Every structure is written in structure tokens, then in C-alpha cells.
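Engineer: what's the 3D shape of this:
(2 chains)
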Amino acid sequence: MSNLSKPIPPAGGRSALAVEIRGKTFLGADGEAVRAIEEIAFEVAPASFATLIGPSGCGKTTTLRIILGLDTDFTGRLKLPEADGRIAAVFQEPRLLPWRTVEENVRLALPDAEAGRDLDELFEVLGLAEMRTRYPSELSLGLARRVALARAFAIRPSLLVLDEPFVSLDEQTAGRLRRLLTEVWSARPTTALMVTHNLREAVELSDRIVFLTERPARVRGIHEITTPRSERDTRWRETTLSAIAKRYSGVL
Amino acid sequence: MPRGAWQLLGPRLVAVVSLAGLLAIWWVAASLAHSRVLPTPPEVFDAFWRDALTGELFFHLAMTLMRVAGAFVIAMAVGSAIGILLGMNAEANRFFDPWLILFLNIPALVLIVLAYIWFGLNEAAAIGAIAVNKIPNVVVTMREGARTLDRDLEEMARVYRFSGLKTLRHVVLPQLQPYFAAASRSGISLIWKIALVVELLGRSNGVGFQINLYFQLFDVAAILAYTLAFVAVMLTIEFLLVQPFEAHSTRWRPKRARG
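Structural biologist: This next block holds a predicted model:
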């Protein structure tokens, strides 16, 4: 996995992820209907990385929940990269089972037929080799997030969904985790969709950024990035950020 | 004493001193009263030894233990199943909650008498009556547990396609473990107290039967001997089975610093 010159094995589903939500209404705590999503439509090309950016509470997480099949009450259509393919999720909280070790948490996600698979390389790349027998309560948030990433990649999903996976980490830890994610993802590019409200993060990782408006959410614009990840240095990032900020005021 | 040794032995020493104090009070009171109805500790021990030598004591202890174990298993299994169901299903809970309150308030004695009348003076009726007495308590505790189940973990299990069995074993049951422990702790002590009444009313062996027998003979020493012997059995179970099991199933919890 760490050898990037190896031919990249085919990953993810064959077709693009196509999301088309024409309306999503919530029943608020006071019993009144709240319109969360007006109209969101976008595609994520096979083996590419897309990011959803928008103000807090604009329906980003709701969109992810619809894609994950956790929320089926909406109007619209959804086309997954693979009809019955596996989807991996990295939630905002790591959502590990506190009573299972790091390794058991990852293995439990594997299908029964692969339960004994060799995961050494994955743990090694994510810097978890020494942590396999630890319990989640013994880990820092940064490490627990790495375990959540390991679990997501271990199942070799056809679609990877990430909900603010770097939120509430200090910048140094978040940066290290972003580089790890880029490394593991590049070794086996999987159609991926991430939600964030950190534009820097989006610019560093994505091929396509989808900007959303305030609630009820609509697509404000889509920004494509063609520069290879290896060439995205600090200077490139600053120019790109200011270009985007000029076009979409208020996103930084 | 060095600090470390005190931390290790201190709590146990306190327990021993405390029990010795209780024994001393009993001994002094019995010596002062000088009465048949309050025997001294050596007299109780003599009664114990007498029945232990004939093997009678162990036979009756075993019979009671068998009933306690049977009723415990049934009560925990049935009570947990009903409790989890009610905790997860609001409609079912609304419907069955009045039943639960009713059963919680039926005196143990009534259930035992009815069980013997309806099903005859047999072992099944005896164990069933003990179990039915305990089931409502288990239901209440387990229902509380099922209400606190973590939705986030359940969603994670759904996304990662855990099978029903896998979800139950790795996601649901570990969350219910503290409630299960609480229910079985309070359960086992309640069950054995009810078991004695069941034996007294309709069985021809067991600790309850023996206590009834010695009650007719006015032999308080023997009554205390049987009671203390059974308490000792229950304490042994607590220390050898319950506590090690609990320590094992909560090994993932962060260890709290001892204050």
C-alpha cells in the first residue's frame, strides 16, 4: 500500500455516484416541518474524491445519511457506484465499540468470509501497528479517528463517505491525518464523498468541491480541481483558496 | 504498614474486623440472655456440624441451590427478553406497562400459593413460582437498559452490514451488560429468599423445609446453622463466579484511579 509505483488495483464501483435530492423535510422538536434540503444534484466520478462544503446546519450530514441508507424519507433519486456494493462510513465521532479492541473493531466490519484477512499493512500505514490490542478508551481522538479510517478502508468499499473526519482535532494532528488519508486513498482510489466546512481541507484532498447554500440547501456551485495531489504545494493552495474565495464569498 | 500493602489489604481488613464485631455482639448478647431462643455461636456451630456429618445439610443446601439456579436462569432469560422488547418498542411498552405494575405488586406468597393450586405440589410449580416473582424486576431493569441503547453504534452496525446476531453480540449485549449485572445481583438475593418460602409451603426438602421443621422443634441453633450455611454458599458464588465474570466483562473500561 505504501508503494505508490505499484499498479493501482481497480477499486470502487464502475459507475459514478449520482445524488439527486429534490426535497427533504424534517419534523422539528416543536412539531413543525423544517425544510432541510431544497434541491441538491451532483455526481462523483468513479475513483474520484468529492467534497461537500456549506454553512453549518445546511443539510450536509443529512445528504450523507441519505446516501448511507440511514434516512430513506426523501424525494429524489440516488444511484450508487455499485448497486449492492459496500459503503464505508467515517462518522464525525469515531463510533468504535468501546468493549472491543482496535483490531476487533476493524475486523468486525469485514464480511464473515474475510474475517481472518491479513490487515498488517493497513495497520502499519495508519500507524496503528502498536495499538491493535488497545481499547478505544485508551486512545486519543486522533488515534480513534485513524481506527475509524482503518475500518472504512478494510472493507474495500465501492463508496467511501466521510463526515467531517478531522473536526475538533488540533491543526497538527488533523494535517497528519489528512496526509494519511491521502496516502491510503491514493493507493486504492475509491469513489469518495466528504463533508466538511474547512475549505483548506477540501482543496488539499478533492477532485471536485460542491458548494451548498444555507438551509434549505441548494447547490451554489461546483469547483473542479485537476492539479495532481502531489503537485498541490503551499503556494498552489494559497492561490487556489483565494481564487475560490473570490468566486464564492463567505466560504473561507 | 507501607502504603501499597495498606491499599491492598486495608479494605479486606476492615471487612474482617467489621464481621468480627458483629459476631462479638451476638456472642455477648447470647451469653447475657442465656436463653434457648438465642444460642451462642458455638451452639450454632454444633448444630451445623451435627447435620453436616449425616450429610443431611448438604443434601438440603443442594436442593435449594438447584431451585435457585433454575429459577434464576428462567427469570433472567424471560425477563431480559421481555424487558429488551418493551424498551425498544414504545407501543408494546404502553400496552404492557399496566401488566408490569400489576405483577410487580402481587405478593410473592400469592403467586406461590396459586402456582401450587393450579399446577400441583411439584418441582415445576415451585421453580416457576420463584421465577415469576423475579421476572417483573428483571423486566424493569432491562427495559431501562434497552432505552439507553446507543443509536450511533446501531447506525454504524447497519452501515457496516453487521448481521442480526453480530449486532446482538457485539453491539447490543455489551451495552446491556451493566443492567444485566444489576438485575442478576439484586435477583439472586431475592430469589433465594423466595425459594425458602416456596419450600416451606410445598416441598419436602431444601433449606426452607428444614427451617420449618426446626421451627416446629423450636431449635433456633439449627435454624441459624442452615441460614448461615446457605448465606456462605451464596457469598462463595458471588466471589468465585459473579465478581470474576463482572471484572472480565468490564475489562475495557478505563480504570479509575483509587482515591
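
Engineer: which parts of chain B sit against chain A?
Structural biologist: Counting by C-beta under 8 Å from any C-beta of the partner chain, chain B comes close to chain A at B:152-153, B:155-156, B:158-163, B:166, B:170-171, B:174, B:177, B:252-254. Bear in mind the C-beta positions are built from the backbone N, C-alpha and C, glycine included.

Engineer: where does the chain dip in pLDDT?
Structural biologist: I'll assume chain A. Applying pLDDT under 70 to chain A flags residues A:1-13, A:251-252.

Engineer: You answered for a different chain; I wanted chain B.
Structural biologist: For chain B, residues meeting the criterion pLDDT under 70 lie at B:1-6, B:8, B:255-259.

Engineer: could you pull out the helices for it?
Structural biologist: With helices called from DSSP state H, chain B shows them at B:3-33, B:41-54, B:56-88, B:90-105, B:108-119, B:123-147, B:151-159, B:164-167, B:173-202, B:207-216, B:220-237, B:243-249.

Engineer: Also the stretch 151-252 of chain A?
Structural biologist: In order along the chain, the stretch 151-252 of chain A carries the following helices (DSSP state H, counting those that start in this stretch): A:171-187, A:199-205, A:234-247.

Engineer: Which positions in the longest one come out as buried?
Structural biologist: Right, helix A:171-187. Buried positions in helix A:171-187, judged by neighbour count with 16 or more other C-beta atoms under 10 Å in any protein chain shown: A:173-174, A:177-178, A:180-182, A:184-185, A:187.

Engineer: And for the last one?
Structural biologist: By 16+ other C-beta under 10 Å, the buried positions in helix A:234-247 come out as A:240-241, A:244.

Engineer: follow-up on the earlier one: with distance to chain B added, can I get the buried residues of helix A:171-187 in a markdown table?
Structural biologist: Shown next, in a markdown table, are those (distance: C-beta to the nearest C-beta, whole Å):
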| residue | distance to chain B |
| --- | --- |
| A:Thr173 | 21 |
| A:Ala174 | 22 |
| A:Leu177 | 19 |
| A:Arg178 | 22 |
| A:Leu180 | 21 |
| A:Leu181 | 18 |
| A:Thr182 | 23 |
| A:Val184 | 18 |
| A:Trp185 | 18 |
| A:Ala187 | 21 |
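
Engineer: ok, which pair from the residues you listed is furthest apart?
Structural biologist: Of all pairs drawn from the buried residues of helix A:171-187, the one with the largest separation by C-beta to C-beta is A:Thr173 and A:Ala187; the distance is 21.6 Å.

Engineer: hmm, back to that, now the helices of chain B in a markdown table, with mean neighbour count and distance to A:Arg200?
Structural biologist: A markdown table is the format used below for these (neighbours: other C-beta atoms under 10 Å in any protein chain shown; distance: least, C-beta to C-beta, whole Å):
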| stretch | mean neighbour count | distance to A:Arg200 |
| --- | --- | --- |
| helix B:3-33 | 11 | 51 |
| helix B:41-54 | 15 | 78 |
| helix B:56-88 | 19 | 43 |
| helix B:90-105 | 12 | 45 |
| helix B:108-119 | 16 | 68 |
| helix B:123-147 | 22 | 42 |
| helix B:151-159 | 18 | 27 |
| helix B:164-167 | 13 | 38 |
| helix B:173-202 | 20 | 38 |
| helix B:207-216 | 19 | 73 |
| helix B:220-237 | 18 | 60 |
| helix B:243-249 | 12 | 44 |
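
Engineer: do you know which of those lies nearest A:Thr101?
Structural biologist: For the helices of chain B, proximity to A:Thr101 was assessed by C-beta to C-beta; helix B:173-202 is nearest, at 12.8 Å.

Engineer: which secondary structure elements does the closest one contact?
Structural biologist: helix B:56-88, helix B:108-119, helix B:123-147, helix B:207-216, helix B:220-237, helix B:243-249 (3 or more C-beta pairs under 8 Å, 6 or more residues apart in numbering or on different chains; DSSP states H and E).

Engineer: Let's see the second one as CSV, backbone CA atoms only.
Structural biologist: Going back to what we said before, that points to helix B:108-119. Included here for helix B:108-119 are C-alpha records, laid out as CSV according to Å, rounded to 0.1, in the frame of the first residue of the first chain:
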residue,chain,number,x,y,z
ALA,B,108,-44.8,-13.5,46.4
LEU,B,109,-46.9,-15.6,48.7
VAL,B,110,-50.0,-15.3,46.5
LEU,B,111,-48.1,-16.3,43.4
ILE,B,112,-46.6,-19.3,45.2
VAL,B,113,-50.0,-20.5,46.6
LEU,B,114,-51.7,-20.1,43.2
ALA,B,115,-48.9,-22.0,41.5
TYR,B,116,-49.3,-24.9,43.9
ILE,B,117,-53.1,-24.9,43.5
TRP,B,118,-53.0,-24.7,39.7
PHE,B,119,-50.1,-26.8,38.8
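
Engineer: outside of that helix, which residues touch it?
Structural biologist: Contacts with helix B:108-119, where a contact means C-beta atoms under 8 Å, 6 or more residues apart in numbering or on different chains, come from B:125-126, B:128-129, B:132-133, B:194, B:197-198, B:201-202.

Engineer: residues contacting the residue most central in space within chain B?
Structural biologist: With distances taken as C-alpha atoms, centre = their mean, B:Ile188 lies nearest the centre of chain B, 0.9 Å away. Applying C-beta under 8 Å, 6+ apart to B:Ile188 gives the contacts B:68, B:72, B:234, B:237, B:242.

Engineer: repeat for A:Glu164
Structural biologist: Counting by C-beta under 8 Å, 6+ apart, the residues that A:Glu164 touches are A:92, A:195-197.

Engineer: which phi and psi does it have?
Structural biologist: Recorded main-chain torsions at A:Glu164 are phi 40, psi 60, according to degrees, to the nearest 10.

Engineer: taking the contacts of A:Glu164 one by one, which sit in strands?
Structural biologist: Counting by DSSP state E, the members of the contacts of A:Glu164 that fall within strands are A:195-196.

Engineer: Tabulate the contacts of A:Glu164 (CSV), appending neighbour count.
Structural biologist: Below are those laid out as CSV (neighbours: other C-beta atoms under 10 Å in any protein chain shown):
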residue, neighbour count
A:Gln92, 18
A:Val195, 23
A:Thr196, 22
A:His197, 16
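
Engineer: Nearest to chain A: which residue in the stretch 1-150 of chain B?
Structural biologist: Nearest to chain A, among the residues of the stretch 1-150 of chain B, is B:Asp150, at 8.8 Å (C-beta to the nearest C-beta).

Engineer: Could you give the bridge partners of A:Arg208?
Structural biologist: A:Arg208 has the following beta-bridge partners by DSSP bridges: A:Ala50, A:Glu224.

Engineer: quick one: it and A:Ala50 touch, right?
Structural biologist: Yes - because the distance of 4.4 Å satisfies C-beta atoms under 8 Å, A:Arg208 is recorded as touching A:Ala50.

Engineer: So for the two, which residues contact both of them?
Structural biologist: When contacts are counted by C-beta under 8 Å, 6+ apart, A:Arg208 and A:Ala50 are jointly contacted by A:Val44.

Engineer: Look at the two and report which has more neighbours.
Structural biologist: More crowded of A:Arg208 and A:Ala50, by other C-beta atoms under 10 Å in any protein chain shown: A:Ala50, with 24 against 19.

Engineer: That concludes my questions; thank you for your assistance.
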